[in-house]
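Visitor: What follows is a predicted structure for the sequence shown.
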Amino acid sequence: MPIALLALSFAAGCDRDDGGAGDARAGARSDAAPPRAPVRPARETAPAVTRAGVEEHLSALQAIADRHGGNRAAGTAGDAASRRYVSARLREAGFRVRLQPLRFPFFRVRSARLAADGRALARGRDFRLLTYSGSGRAAGRVEAAGRGCARGDFRDLGRAAIARVERGDCTFRTKALNAQRAGAAAMLLVDPAGDADPLRGTLSAPGVRIPALVLGAEAAGRLAAGQGARLAVDAVAERRLTHNVIADGPAGGGRVLMAGGHLDSVSAGPGLNDNGSGVAALLELAEALGARPGGTAVRLGFWAAEELGLYGSRHYVRGLSAAERRRHLGYVNLDMVGSPNAVLEVYDGAHRIERALQRALPEPAPLEGLDGGSDHAPFRRAGIPVGGLFTGASADGPGGRPRDPCYHRRCDTIDNVDRAVLLEAARAAAAGLASLRRQAK
């Protein structure tokens with residue numbers, strides 16, 4: 001669909017089970033029941049987090065996307081410009097900033113065309129590219145190759161043929177590589193039991209050189225074995241370098257209280273709710289809390305390539321030693337906290353984090369079940385207590401309408417962000433973190 005805690009009492013035995021049936025990224029809605037523990041509304045006073053501040057950051061991120069092809073996707077110029085902006089503002093706020101490099105599999109489709117016996121098919125409705133598809137052109141007859149899981153499936157394939165394979169028995173990557181080794185010019189994947197729309201799928205990583213496409217049910221009927229086809233794909237599939245932005249505020253002691261959210265957008269749009277809203281909230285939090293010396297250390301993480309598979313947060317957590325993991329008292333995730341038809345929810349995570357965020361809100365918030373869809377997941381798997389705020393993605397909100405109708409779309413611009421909801425979430429995050437920081441002294 002994208003803090004922290006305590007003092008010495010924040011041992012593993014103090015946490016509730018983090019399990020839950022929802023998905024904090026995909027917007028799986030939890031029941032709007034009150035939190036388990038009673039709360040005293042608005043008990044915590046938020047540090048100086050202002051609407052003007054969050055709007056300034058949103059405007060800067062929108063301008064970056066406008067200057068760089070309409071998005072801020074990982075590995076692009078918009079990604080690098082977003083990183084420079086965030087780093088500069090964090091340094092101004094008194095944080096020590098370091099960039100953590102990581103490589104990730106980049107994929108971008110420049111163009112993709114497919115025709116059946118001279119009739120053009122529509123990308124998205126009739127066919128899709130498998131993520132990390134290769135590029136190229138092909139024209140000729142479609143030839144069946146079974147499931148495509150064994151080299152023998154391609155035994156009768158003509159030279160430079162367009163191979164048609166069925167879903168099942170092995171990975172899409174195995175099918176595509178077998179087709180490539182057999183000399184096919186392209187691969188068409190069909191799902192015999194599939195829906196009308198072509199499924200979304202991936203080849204897992206770059207390395208396949210030929211075009212690899214998935215057909216919807218109608219297109220699969222038009223492109224049966226023996227039918228003529230023509231296709232042209234121009235895509236980039238390669239490993240690229242990006243960076244996490246890690247920022248530490250002035251503090252004493254060896255323990256760390258952490259908050260974070262992903263910096264990248266999808267390639268389809270500028271990503272101002274997903275996740276410019278979380279970035280704006282974190283920057284305001286930094287400016288409100290960062291220069292205050294003493295106490296438990298505050299660390300902020302702006303994660304790279306979340307939209308492609310949580311690459312940044314997984315890289316950070318994987319690099320922590322066992323001792324460093326124990327230093328992390330908790331992690332609060334801010335991902336999509338300004339949805340236009342919002343239901344402001346608190347992650348059903350570690351109890352102390354959940355309670356601190358609930359106490360910082362003006363009224364009790366429903367709980368959002370945890371799943372693996374955002375950057376809290378690597379921390380949770382590593383045994384670090386997690387929490388967070390979320391206002392919704394594609395799930396229904398008030399009036400039965402999607403909480404964010406522009407989720408992962410071009411229209412996720414600055415006009416898609418509810419500033420009042422974002423300000424409430426940013427203030428709750430700042431106040432909750434301040435409370436937890438005091439508890440951890």
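Guide: Alright, I've got the coordinates.
Visitor: contacts, neighbours, all on C-alpha from now
Guide: Fine.
Visitor: Contacts for stretch 212-222, please.
Guide: Residues outside stretch 212-222 that contact it (Cα atoms under 8 Å, 6 or more residues apart in numbering): 116, 121, 125-130, 133-134, 176, 186-192, 194-200.
Visitor: Turn the buried ones among those into a named ChimeraX selection, would you?
Guide: Remark: buried members of these, expressed as a ChimeraX selection using 16 or more other Cα atoms under 10 Å:
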select :116,121,126,127,128,129,130,133,134,176,186,187,188,189,190,191,197,198,199
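Visitor: Can you tell me the SS state at the nearest residue to residue 54 once chain neighbours are set aside?
Guide: Leaving aside its sequence neighbours, residue 54 sits nearest to residue 280 (Cα to Cα, 6 or more residues apart in numbering; 5.2 Å). Residue 280 falls in the helix class when you classify it by DSSP: H, G, I helix; E, B strand; the rest coil.
Visitor: quick one: residue 280 and residue 125, what's the gap?
Guide: 35 Å (Cα to Cα, to the nearest Å).
Visitor: So for this protein, the centremost residue is which one?
Guide: With distances taken as Cα atoms, centre = their mean, residue 307 lies nearest the centre of the chain, 3.3 Å away.
Visitor: Contact partners for that one?
Guide: Per Cα under 8 Å, 6+ apart, neighbours of residue 307: 264, 265, 266.
Visitor: Drop anything exposed from those.
Guide: Counted by 16+ other Cα under 10 Å, these give 264, 265, 266 as buried.
Visitor: any chance of the residues you listed in TSV, with distance to residue 139 too?
Guide: Below are those laid out as TSV (distance: Cα to Cα, whole Å):
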residue	distance to residue 139
264	37
265	35
266	32
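Visitor: In the residues you listed, which has the lowest confidence score?
Guide: The lowest pLDDT within the buried ones among the contacts of residue 307 belongs to residue 266, with 94.
Visitor: Could you verify that residue 317 is part of a strand?
Guide: No - assignment of residue 317 by three-state DSSP gives helix, placing it outside any strand.
Visitor: which stretches of the stretch 301-441 of the chain form helices?
Guide: 311-318, 322-327, 351-360, 376-381, 419-439 (DSSP state H, counting those that start in this stretch).
Visitor: Deepest in the core, which of those helices is it.
Guide: helix 351-360 (a mean of 27; mean count of other Cα atoms under 10 Å).
Visitor: How much space separates the residue nearest to the centre of the chain from residue 271?
Guide: 10 Å.
Visitor: any shared contact partners between those two?
Guide: 264, 265.
Visitor: Filter the contacts of stretch 212-222 down to just the ones in helices.
Guide: Among the contacts of stretch 212-222, DSSP state H puts residue 176 in helices.
Visitor: Strands of the stretch 51-200 of the chain, start to end?
Guide: Taking DSSP state E, counting those that start in this stretch to define them, one finds strands in the stretch 51-200 of the chain at 96-116, 119-121, 127-129, 136-144, 162-166, 186-190.
Visitor: So what's the model's average confidence on stretch 285-294?
Guide: 74.
Visitor: hang on, I meant stretch 388-406
Guide: pLDDT averaged over stretch 388-406 gives 97.
Visitor: Of all the residues in that stretch, which ones are buried?
Guide: Those would be 388-397, 402-406, for stretch 388-406 by 16+ other Cα under 10 Å.
Visitor: Return the member of the residues you listed nearest to residue 329.
Guide: Nearest to residue 329 among those is residue 388, at 14.1 Å by Cα to Cα.
Visitor: wait, what's in contact with that closest one?
Guide: Per Cα under 8 Å, 6+ apart, neighbours of residue 388: 3, 331, 332, 333, 334, 346, 347, 349, 353, 354, 357.
Visitor: want to throw those into a markdown table with pLDDT and distance to residue 77?
Guide: Shown next, in a markdown table, are the contacts of residue 388 (pLDDT from 0 to 100; distance: Cα to Cα, whole Å):
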| residue | pLDDT | distance to residue 77 |
| --- | --- | --- |
| 3 | 33 | 31 |
| 331 | 98 | 29 |
| 332 | 98 | 28 |
| 333 | 98 | 25 |
| 334 | 98 | 24 |
| 346 | 98 | 33 |
| 347 | 97 | 33 |
| 349 | 92 | 35 |
| 353 | 97 | 36 |
| 354 | 97 | 37 |
| 357 | 98 | 35 |
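Visitor: Highest neighbour count among those residues?
Guide: residue 3 (36 neighbours; other Cα atoms under 10 Å).
Visitor: would you turn the contacts of residue 307 into a markdown table with distance to residue 160 and secondary structure?
Guide: Output for the contacts of residue 307, formatted as a markdown table (distance: Cα to Cα, whole Å; DSSP: H, G, I helix; E, B strand; the rest coil):
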| residue | distance to residue 160 | secondary structure |
| --- | --- | --- |
| 264 | 38 | coil |
| 265 | 37 | strand |
| 266 | 34 | coil |
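Visitor: check contacts around residue 59.
Guide: Residue 59 sits next to residue 414 when contact means Cα under 8 Å, 6+ apart.
Visitor: Would you check how far apart it and residue 65 are?
Guide: 10 Å.
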